[in-house]
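> Below are the sequence and a predicted model; questions follow.
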Amino acid sequence: MNILITLYSTSWGGAEESVLNLAEEISKNDNNIFLLWVANYDSPRPVVSFPKVKIIYLRLHRKLYGLVASYLVGLLCFYHKIDIANLNWRFVNEEGRLLKLLKIRSVATIRAILFDRNSCDEFKNVDAIIGVSKAVVNQVKALGFQKPCFVVYNGIQIEKLKFFNHKVFLPERIFSMSRLVPWKRVDWSIKAINTLHDRSYPLRFDIYGDGPERNELQKLIEKLGAESYISLRGYVNIRSNQLKRYGIFLIPSFKEPFGKTVVEAVIHGRVIVGSRSGAIPELLPKYKLLFRYDDFQNYVQKIVQAYKNYSQYSKNILKRQNEFKEKYNMKRVARDYIKVYHALLNGTKKTS
């Protein structure tokens, strides 16, 4: 197959890494991938080492790309004889306008829970939707989308992870890793650790990642007088030795669409405290350290529970590792995407 994958990137994050990894993995199945990568910020050009993945890289402002997206995607599809177009959820409406005219099947991958929408009109030009979790697909259906929907859980390149010795993890060493944006609610974690510090819990909290909330989070840390035990550490590679001692991982996100860092934390063997919101309960069913997403005090209680009963919850996480390695690896993701592509090309209407 000749496959066009599009991505409009506003900053580097988990979605960007996932799209790049997916393109590489799908190409291993004798498919030609044309990756249209458009960014509105200064960033290094994405690099791949697979000959069947060709990257078309552009730097365009959102408004300008919105004006030219339909013509650009249509031209690429015509020139490269594309069989199926996989649009990634920004600019789906614009990118899909000419595809029906060109008789090219299309699917949009949605990597967010669209809780701020009141309709699904932006997806009217695609033949189907892939959601990265049931939570994503359920919200799209609630908005009235009637065409086929497929759940394809995201995955990671497990073979590229660095495995740390979980026996040296410390329950008092706590961290988070995410884009610093409001819905990740890193401020909740800062306030929770500060509350526990005031109760004499000897916790150390490090925050990895970057984003528009960084300055405000630093101001919050300073306002609470927490600089000695809470730090913003910036971006870190998941393989870095900086991560080798952390025992507890925090993810208080509101409406988390998937939870790539949750998968990484489980495979590394770290205890997780997270919100019972979005896809996190799908990834961690029957897990006792998920707090009511709108209850801050319950979040604080769950961190205490994790710290005091660390050995118990560590064993629970370690029991989940093999399942996660099998279910959330990029090879499985690529197989599922190829099945969806074939289903659409063959006219299958079944919704999964």
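On my side now, so go ahead.
> now for the helix or strand that contains residue 313, which elements pack on it?
Element membership of residue 313 [criterion: DSSP states H and E] is helix 310-327. Taking 3 or more C-beta pairs under 8 Å, 6 or more residues apart in numbering; DSSP states H and E as contact, the helices and strands that helix 310-327 lies on are strand 246-251, helix 260-268, strand 271-275. No exception for glycine: its C-beta is placed from N, CA and C like everyone else's.
> Switch those over to CSV; also include distance to residue 111, mean pLDDT and mean neighbour count.
Written out in CSV, the entries for the helices and strands packed on helix 310-327 read as follows (distance: least, C-beta to C-beta, whole Å; pLDDT from 0 to 100; neighbours: other C-beta atoms under 10 Å):
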stretch, distance to residue 111, mean pLDDT, mean neighbour count
strand 246-251, 16, 98, 24
helix 260-268, 10, 95, 22
strand 271-275, 18, 98, 27
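> on that earlier part again, could you pull out the buried residues of the helix holding residue 313?
When burial is assessed from 16 or more other C-beta atoms under 10 Å, helix 310-327 yields the following buried residues: 310, 313-314, 316-317, 320, 324-325.
> per-domain residue ranges of the chain.
What the record gives for the chain is the domain set 2-155+329-345, 159-327, from automatic domain parsing.
> So what's the gap between the shortest one and the chain middle?
Centroid separation for domain 159-327 versus its chain: 15 Å, with C-alpha atoms, centre = their mean, to the nearest Å.
> Packing partners of whichever strand or helix holds residue 18?
Per DSSP H and E, residue 18 falls inside helix 14-27. In terms of contacts (3+ C-beta pairs under 8 Å, 6+ apart), helix 14-27 is packed against strand 2-9, strand 32-39, strand 53-59, helix 260-268, helix 330-345.
> Save the ones you listed as CSV, and put in distance to residue 241 too.
Putting the helices and strands packed on helix 14-27 into CSV (distance: least, C-beta to C-beta, whole Å) gives the following:
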stretch, distance to residue 241
strand 2-9, 29
strand 32-39, 30
strand 53-59, 31
helix 260-268, 13
helix 330-345, 24
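> which one of the ones you listed lies closest to residue 140?
helix 330-345 (14.8 Å; C-beta to C-beta).
> May I have that closest one as CSV, with CA atoms only?
Taking C-alpha atoms only, helix 330-345 is exported to CSV below (Å, rounded to 0.1, in the frame of the first residue of the first chain):
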residue,chain,number,x,y,z
MET,A,330,4.4,-0.6,18.5
LYS,A,331,4.5,-3.9,16.5
ARG,A,332,0.9,-4.7,17.6
VAL,A,333,-0.2,-1.1,16.9
ALA,A,334,1.1,-1.3,13.4
ARG,A,335,-0.7,-4.6,12.8
ASP,A,336,-4.0,-3.1,14.0
TYR,A,337,-3.6,0.0,11.8
ILE,A,338,-3.0,-2.2,8.8
LYS,A,339,-6.1,-4.2,9.6
VAL,A,340,-8.1,-1.0,9.7
TYR,A,341,-6.7,0.2,6.4
HIS,A,342,-7.6,-3.1,4.7
ALA,A,343,-11.1,-3.0,6.2
LEU,A,344,-11.7,0.4,4.8
LEU,A,345,-10.2,-0.5,1.4
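> and that helix with helix 14-27, angle?
Relative orientation of helix 330-345 and helix 14-27, computed by axes from the mean of the first three to the mean of the last three C-alpha atoms, to 10 degrees: 70 degrees.
> avg pLDDT for helix 330-345?
The predicted model gives helix 330-345 an average pLDDT of 96.
> Residue 193 versus residue 300, what's the distance?
9 Å (C-beta to C-beta, to the nearest Å).
> which residues are in contact with both of the two?
Common neighbours of residue 300 and residue 193 are not found (criterion: C-beta atoms under 8 Å, 6 or more residues apart in numbering).
> which one of these two has more residues nearby?
Remark: of residue 300 and residue 193, residue 193 carries more neighbours, 24 against 20, as counted by other C-beta atoms under 10 Å.
> Doesn't that one lie inside a helix?
Yes - when the secondary structure is assigned by DSSP: H, G, I helix; E, B strand; the rest coil, residue 193 falls within a helix.
> related to what we said a few turns ago, possible to save the buried residues of helix 310-327 as CSV with pLDDT?
Below are those laid out as CSV (pLDDT from 0 to 100):
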residue, pLDDT
310, 97
313, 97
314, 97
316, 96
317, 97
320, 96
324, 96
325, 94
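> ok, so of the residues you listed, who is nearest residue 47?
Out of the buried residues of helix 310-327, the one with the shortest distance to residue 47 is residue 325. That distance is 26.5 Å, counting by C-beta to C-beta.
> Now do the same contact list for the closest one.
The neighbours of residue 325, taking C-beta under 8 Å, 6+ apart as the test, are 158, 267.
> repeat that for 10 Å
The contact partners of residue 325, by C-beta atoms under 10 Å, 6 or more residues apart in numbering, come to 155-156, 158, 161, 263, 266-267.
> again, but for residue 119
Going by C-beta under 10 Å, 6+ apart, the list of residues near residue 119 reads 143-145.
> Arrange the helices and strands packed on helix 310-327 in JSON lines, one row each, with distance to residue 286 as further columns.
Shown next, in JSON lines, are the helices and strands packed on helix 310-327 (distance: least, C-beta to C-beta, whole Å):
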{"stretch": "strand 246-251", "distance to residue 286": "17"}
{"stretch": "helix 260-268", "distance to residue 286": "14"}
{"stretch": "strand 271-275", "distance to residue 286": "13"}
